[in-house]
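> My questions concern the predicted model and sequence given below.
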Amino acid sequence: MRARLRGAGWYVSSIAILAVFLFPVYWMFAVSLKTPREIFKYPPVWYPHTPEFNNFWVLFRDGDVWTIWNSFVIASTSTVIAMVIGIMCAYSIVRFKTGGESFAIWVLSQRLLPPIAIVFPVFLIFADVGLTDTYPGLILLYTAFALPYVIWLMRGYIQDIPVELEESALVDGATRWQVLWRIVIPVARSGIFATAVFAFIFSWNEFLFALVLTRTQ
């Protein structure tokens, strides 16, 4: 009986914690379906009485869907480029000790640089070379900012891969490139997916550079 009560307590606690973490998600979705009066009403309306699906239609009707398309193209492309370069860099750091023992820490420290500190110098440089208001400009910048994060995370995942797997492939005649693409990447695919998701979210949510580096397009 005591074991059953303990198990029930764990279930109740887990459900309560899950509800707390999921509530903001529910609230955002509920607000998207409310009328303006319901959104600002006090005490708050816990669920939309008459769901307003027109709120989503406005997104397409007013042309804002192209803004989403721009964000998707830029975030997706920068994520792919950052992942390809970042995986190779992380592998080099782990297996060949590229840059020494402290190089990985230095790479991570680049993410501590506040964007506001460099946004205007970057704007002046991009204006001189004609990269403002372009996809390549933002993709290049977002890739540079996502790379330290990708390298650091992938370094941890690659470190967990037994080096014996790679040594066996090398003994069988595989090259380092084949080891990377046929051994390391398949084994670390879950880490690659998680890192890509975070890199995509970072690029998608970045607003300051997009605000400064875009004007008419």
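Good, I have the coordinates.
> Pull the helix-or-strand element of the chain with minimal mean pLDDT out as PDB, backbone CA atoms only.
None of the helices or strands of the chain scores lower by mean pLDDT, DSSP states H and E than helix 54-61, at a mean of 75. Below are the C-alpha coordinates for helix 54-61, written out as PDB (Å, rounded to 0.1, in the frame of the first residue of the first chain):
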ATOM      1  CA  ASN A  54      -9.400  35.300 -38.500                       C
ATOM      2  CA  ASN A  55      -6.300  36.200 -36.400                       C
ATOM      3  CA  PHE A  56      -4.300  33.700 -38.400                       C
ATOM      4  CA  TRP A  57      -5.900  34.800 -41.700                       C
ATOM      5  CA  VAL A  58      -4.600  38.300 -41.100                       C
ATOM      6  CA  LEU A  59      -1.100  37.000 -41.300                       C
ATOM      7  CA  PHE A  60      -1.600  35.900 -44.900                       C
ATOM      8  CA  ARG A  61      -4.000  38.600 -45.900                       C
END
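> Beyond it, next helix or strand please.
helix 65-96 (DSSP states H and E).
> From the chain's centre, how far out is that next one? Work that out for me.
Distance of helix 65-96 from the chain centroid (Cα atoms, centre = their mean, to the nearest Å) equals 9 Å.
> Next: stretch 36-52.
In terms of Cα atoms, centre = their mean, the gap separating the centre of stretch 36-52 from the centre of its chain is 32 Å.
> Name the residues that touch that stretch?
Contacting residues not belonging to stretch 36-52 are listed as A30, V31, L33, K34, T35 [Cβ atoms under 8 Å, 6 or more residues apart in numbering]. Where C-beta positions appear, they are placed from N, C-alpha and C, glycine not excepted.
> Now it: buried residues?
The neighbour-count criterion (16 or more other Cβ atoms under 10 Å) identifies E38, V45, P48, E52 as the buried residues of stretch 36-52.
> got the CA positions of stretch 131-151 in CSV?
Extracted as CSV, the C-alpha positions of stretch 131-151 are listed here (Å, rounded to 0.1, in the frame of the first residue of the first chain):
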residue,chain,number,x,y,z
LEU,A,131,25.4,43.1,-48.4
THR,A,132,22.6,45.1,-46.7
ASP,A,133,19.1,44.1,-47.6
THR,A,134,20.3,40.7,-48.9
TYR,A,135,19.9,37.1,-48.0
PRO,A,136,23.7,36.4,-48.1
GLY,A,137,24.4,39.3,-45.7
LEU,A,138,22.2,38.0,-42.9
ILE,A,139,23.0,34.3,-43.6
LEU,A,140,26.8,35.1,-43.3
LEU,A,141,26.3,37.0,-40.1
TYR,A,142,23.9,34.4,-38.5
THR,A,143,26.3,31.6,-39.5
ALA,A,144,29.2,33.4,-37.8
PHE,A,145,27.2,33.8,-34.6
ALA,A,146,25.8,30.3,-34.5
LEU,A,147,29.2,28.6,-35.2
PRO,A,148,30.7,28.9,-31.7
TYR,A,149,27.5,27.4,-30.2
VAL,A,150,27.5,24.6,-32.7
ILE,A,151,31.2,23.8,-32.3
